[in-house]
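Undergrad: let me see the structure of the following:
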Amino acid sequence: MKKNRLGEFQELVLMTVIVLQEDAYGVEIQRNLEERLNERLSVGAIQTALKRMVEKGFLTSEFGEATQKRGGKRKRIYQATPYAHRVLREMKDIRSSLWQAMPELGLSNT
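TA: Numbering: from 1, shown residues only. As a prediction, the model looks like this:
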């Protein structure tokens, strides 16, 4: 795996960007993740993760069109890079390998 690893939260944000496609902007990423995780997330945490992933080359972004609904403000739309797709596949393969190697999970008192 490359040195530019993703933390768990960044991985979830990146996967959400890929799922949302052209709707991958801050507030929608937050809403979608909150729904999936069943917990509240701050916009700041989402924005920080997005910014760091842009810096690492996992994401690109561009402004969408201004809309009346947003008072003329434009959304910053994010898109995963080919590098991000490759790293996610590597991470999935590593996780799958580990899950296959693990003994059956059972209930224990430890």
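Undergrad: low-confidence ranges in the chain?
TA: When residues are selected by pLDDT under 70, those of the chain lie in 1-4, 66-72, 106-110.
Undergrad: quick one: the helices in it?
TA: Here the chain has its helices, by DSSP state H, at 8-20, 26-37, 43-56, 82-101.
Undergrad: would CSV of these with distance to residue 65 and mean neighbour count be doable?
TA: Any C-beta I mention is one placed from the backbone N, CA and C, and that applies to glycine too. Formatted as CSV, these follow (distance: least, CB to CB, whole Å; neighbours: other CB atoms under 10 Å):
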stretch, distance to residue 65, mean neighbour count
helix 8-20, 17, 18
helix 26-37, 15, 16
helix 43-56, 20, 16
helix 82-101, 25, 12
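Undergrad: gap between the two ends of stretch 31-51?
TA: Start-to-end span of stretch 31-51 (CA to CA, to the nearest Å) is 18 Å.
Undergrad: quick one: the helices of the chain as TSV, columns for distance to residue 63 too.
TA: Output for these, formatted as TSV (distance: least, CB to CB, whole Å):
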stretch	distance to residue 63
helix 8-20	16
helix 26-37	12
helix 43-56	14
helix 82-101	20
